[in-house]
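[1] Take this sequence and fold it.
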Amino acid sequence: MTRRVIAALVVLIVAAIAADWTFWYRFATIRDQTSVTIPGWISPTATVEGDFRKEFAVVAPADRILSPGAIAELVDYAEQVDSFSLIVHHGGAIQFETYWREFGPDDVTETLSMAKSVLGLTFGFAVEDGSIGSIDDPVTAYIPEWEGTDKERLTIRHVLQMASGLEHFQFDYSLLQNPFNKALRLFVGPSMENAILRFELTAEPGSEFNYNSANTQLLLLILERATGRAYADYVSEKLWRPLGAKPATLWMDREGGMPKAYAFFQARPRDWLRIGLAIRNEGVVDGRQVIPAEWLTAMFSPSPNNPKYGLQAWIGSPHMTERFYNRNTPFGVKQAEPFLADDVVFFDGGGGQRVYVIPSADLVIVRTGMTSPDWDDGVIPNILLRDLGYGKDPS
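    Got it, this is the predicted structure:
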């Protein structure tokens, strides 16, 4: 190969990288990011404006309903799994709140797939206001590019329930792979819309549960097309402002483009608490019905292929000692013992990012932290439930 040919190839490679710089920068640096660094690394971003009105009442340590022993257990476990925040709300106030690593109430970290459940909540508003006719509508009513293909069998309900049959790829940021891989382009590329439209079916819609971030990104595309609104503006108007939250942040694929909906919704722990309280109160916030009650019922009702999953959100019962996400992930989330209350519902971000809601016990729990392979879903809720008298022999 002559020097001239080599020089020409180098010029072509440099030009290709320069033309797709956003992708290449993300691809080269994402593997070094953690839940702590991601908020400062993502770019560009969009703001979900809030309407902060007041902070929560906080119970003085001497007046807590929780015993010192239970609090000691909570802290011990939270530290074992490298937590950043832990908040327990009961009886109209925060009973216990603590932070690690110099974090505080106004600091944000990445909470991964808890973002999926925010989109699930927001989808209910589009059904309520008529932007979405029905979740049993075919996806092609909103994605005409798929008309005349096998994806005409796919409904919005299938996608909400993680039963679409769409191709599934593990998160893989290895440098030794095809940089034009459709999943890689979905995860770090500059055009989420183009990426998701390339996905094919590998299973019959409705035939199996397979937790897949492509489903949530497809829902976001449907939502933005149906409402004609940017997601940041829509979720701000319908959910975030009515909650009285402070601003949150989304990661955009590019300036003026589309946000990533399957993760990267970054909010204060106390604002995750606001969502949990709205769910506990059947959608009512400050005396106003903010989230449609019927949508919450649907969201936390078992789906046909997984009794622990509803519409982009998780259900505590029935108990499974290991809850698996999908066919491509050989490990799941462990839970040694059942929840001591049978009405637990929760948002799940990988490795132990959680918002637990337990209406019967008037409990909402928020935990954020590093992703922990040792996370056990039952530990924190059951420490609190036992302390409140659940699980005791009634005799």
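[2] When you work out contacts or count neighbours from here on, use the C-alpha atoms and nothing else.
    Fine.
[3] For Gly244, grab phi and psi.
    phi 80, psi 30 (degrees, to the nearest 10).
[4] For Thr202, see how far away it is.
    42 Å (C-alpha to C-alpha, to the nearest Å).
[5] just Glu55 next, same as before
    For Glu55 relative to Thr202 (C-alpha to C-alpha), the value is 47 Å.
[6] Likewise for Leu121?
    From Leu121 to Thr202 the distance is 27 Å (C-alpha to C-alpha).
[7] Would you mind telling me which of the two has more residues around it?
    Leu121 (24 against 11; other C-alpha atoms under 10 Å).
[8] so which strand or helix has that one?
    Element membership of Leu121 [criterion: DSSP states H and E] is helix 114-128.
[9] shaky segments in the protein?
    1, 3-19, 393-395 (pLDDT under 70).
[10] Go through stretch 287-295 and flag the buried ones.
    For stretch 287-295, the neighbour count (16 or more other C-alpha atoms under 10 Å) marks 290-293, 295 as buried.
[11] Among those, name the ones in strands.
    The members of the buried residues of stretch 287-295 all map outside strands under DSSP state E.
[12] In TSV: these, plus distance to Val188.
    Output for the buried residues of stretch 287-295, formatted as TSV (distance: C-alpha to C-alpha, whole Å):
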residue	distance to Val188
Val290	33
Ile291	32
Pro292	34
Ala293	36
Trp295	32
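[13] Considering those, which is situated nearest to Ile132?
    Trp295 (13.0 Å; C-alpha to C-alpha).
[14] these two touch, right, that closest one and Gly124?
    Yes - using C-alpha atoms under 8 Å, Trp295 is in contact with Gly124, at 5.7 Å.
[15] With adjacent residues omitted, what lies nearest to Glu255?
    Closest residue in space to Glu255, ignoring its immediate chain neighbours: Pro44 at 6.2 Å, by C-alpha to C-alpha, 6 or more residues apart in numbering.
[16] tally of neighbours for that neighbour?
    15.
[17] same check, this time on Gln161
    26.
[18] So the residue lying closest to it once chain neighbours are set aside, which state does it fall into?
    Spatial nearest neighbour of Gln161, chain neighbours left out: Leu311 (5.0 Å); criterion: C-alpha to C-alpha, 6+ apart. When classified by DSSP: H, G, I helix; E, B strand; the rest coil, Leu311 comes out as coil.
[19] how near is Ala93 to Arg274?
    For Ala93 relative to Arg274 (C-alpha to C-alpha), the value is 12 Å.
[20] Of the two, which one has the most company?
    Arg274 (21 against 13).
[21] For the more buried one, give its distance to Phe300.
    18 Å.
[22] go on, Val36?
    From Val36 to Phe300 the distance is 30 Å (C-alpha to C-alpha).
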